[in-house]
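[1] Generate a structure from the sequence data that follows.
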Amino acid sequence: MMPQGLGKPSPLLLIDDDCSLASLVADYCSEDKFTVTSAVTGEEGVVLARQQHFVLVILDVMLPGIDGFEVLKRLRRSSNIPVLMLTTRGAAMDRVQGLESGADDYLAKPFQPEELVARIKSILRRVHPKETPSRYIVGDITVDETERSVALDGQRLNLTGSEFQLLTLLLTHLGDPLSREELVPRVFGRDATSLDRSIDNLVNNLRRKLGMHPDGADRIKSVRNIGYTYVSATVGVDAQ
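    Just a heads-up that it's a prediction; the model follows:
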């Protein structure tokens, strides 16, 4: 991704059948060195995402034809491109389903264009950190932050951007419980609320993808009234 304000604008894909919204988003994003390509159906959006390069997808849940969840499912079969889902305000289950399906963040409609741009930048900062990344090994897990990849016992895992961010936080704080209040801003770029279960959903996804330790012990443990911690007996670091 090109740094904002320098060089060629970064391309975004907006999948939403609201043409007036698409025009508004395009205008605001252009001021921050983004270009917006619009698709009005889920099917069209999937085709564009596969044919062209985009740094992020803005995906509405309610679409004619296949809905946003099905679009996200199809995108995740072949790509880890960051996805920001647009949901109906108050539709908590839409947000939960979106995050469980691999969305990196969500934004409820109606929204302020400034907040949309802020969310986009926050996601891209997490996906493309400025600092020089490293490679490190924790037990049978190898993390390469340059490629933003994770391998378990030599086999690469298919993680979403949010799952990768959460796992690296847990791995770099071995044995130290991290609270939901700490994790939500660092994973999603927003403040946690009392009813926010987005981190719990991500933890469940990671547990499913990582499985248990070879000895049958849990990798990610819940710490009562606090949050979560990753437990491993062996730690190795190979800075690149």
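
[2] I'd like the distance from Asn225 to Thr172, if you could.
    23 Å (CB to CB, to the nearest Å). In short, each C-beta sits where N, CA and C put it, glycine included.

[3] For the two, work out which one has more neighbours and name it.
    Ranked by neighbour count (other CB atoms under 10 Å), Asn225 and Thr172 place Thr172 first, with 14 against 7.

[4] so what's that one closest to, chain neighbours aside?
    Of all residues not flanking Thr172 in the chain, Tyr136 sits nearest, at 8.0 Å (CB to CB, 6 or more residues apart in numbering).

[5] Buried residues in stretch 34-52, which are they?
    In terms of neighbour count (16 or more other CB atoms under 10 Å), stretch 34-52 has its buried residues at 34, 36-46, 48-49.

[6] care to break this protein down by domain?
    Recorded structural domains for the chain (assignment: automatic domain parsing) are 10-127, 135-238.

[7] List the buried residues in the helix ranked longest in the chain.
    Longest helix of the chain, by residue count under DSSP state H: helix 113-127. The neighbour-count check on helix 113-127 (16+ other CB under 10 Å) flags 116-117, 119-120, 122-124, 126-127 as buried.

[8] Return the member of those residues nearest to Pro110.
    Nearest to Pro110 out of the buried residues of helix 113-127 is Leu116 (CB to CB; 10.7 Å).

[9] right, and the closest one touches Ala108 too?
    No - in this structure Leu116 lies outside contact range of Ala108 using CB atoms under 8 Å: 11.0 Å.

[10] still on that earlier bit, give me the residues contacting the longest helix of the chain.
    1, 4, 10, 12, 24-25, 27-29, 32, 34, 55-56, 58, 82, 84, 104-105, 107, 148, 161, 165, 187-190 (CB atoms under 8 Å, 6 or more residues apart in numbering).

[11] same thing but 7 Å
    For helix 113-127, contacts defined as CB atoms under 7 Å, 6 or more residues apart in numbering pick out 1, 24-25, 28-29, 32, 55-56, 82, 84, 104-105, 107, 161, 165, 189.

[12] Neighbour-wise, give me the winner out of these.
    Asp104 (29 neighbours).

[13] My guess is it contacts Glu163. True?
    No - under the criterion of CB atoms under 7 Å, Asp104 is not in contact with Glu163, lying 9.3 Å apart.

[14] show me where pLDDT drops low in the chain?
    For the chain, the stretches flagged by pLDDT under 70 are 1-8, 89-92, 95, 128-133, 233-240.

[15] Strands of that one, start to end?
    10-15, 34-39, 56-60, 83-88, 105-109, 135-138, 141-144, 149-152, 155-156, 178-179, 220-223, 227-230, 235-238 (DSSP state E).

[16] Of the ones you listed, which is nearest Pro214?
    Going by CB to CB, the one of these nearest Pro214 is strand 149-152, 10.9 Å.

[17] in the closest one, what counts as buried?
    Buried-residue list, strand 149-152, by 16+ other CB under 10 Å: 149-150.

[18] residues of stretch 163-182 that come out buried?
    163-171, 177-178, 180, 182.

[19] Just those: which are in helices?
    163-171, 180, 182.

[20] which one among the residues you listed gets closest to Thr142?
    Using CB to CB, these come closest to Thr142 at Leu171, 10.4 Å.

[21] separation between the residue nearest to Thr172 and Thr142?
    8 Å.

[22] so who does the residue positioned nearest the centre of the chain touch?
    Nearest to the geometric centre of the chain sits Asp104, at 2.5 Å (CA atoms, centre = their mean). The contact partners of Asp104, taken as CB under 7 Å, 6+ apart, are 82-84, 123, 160-162.
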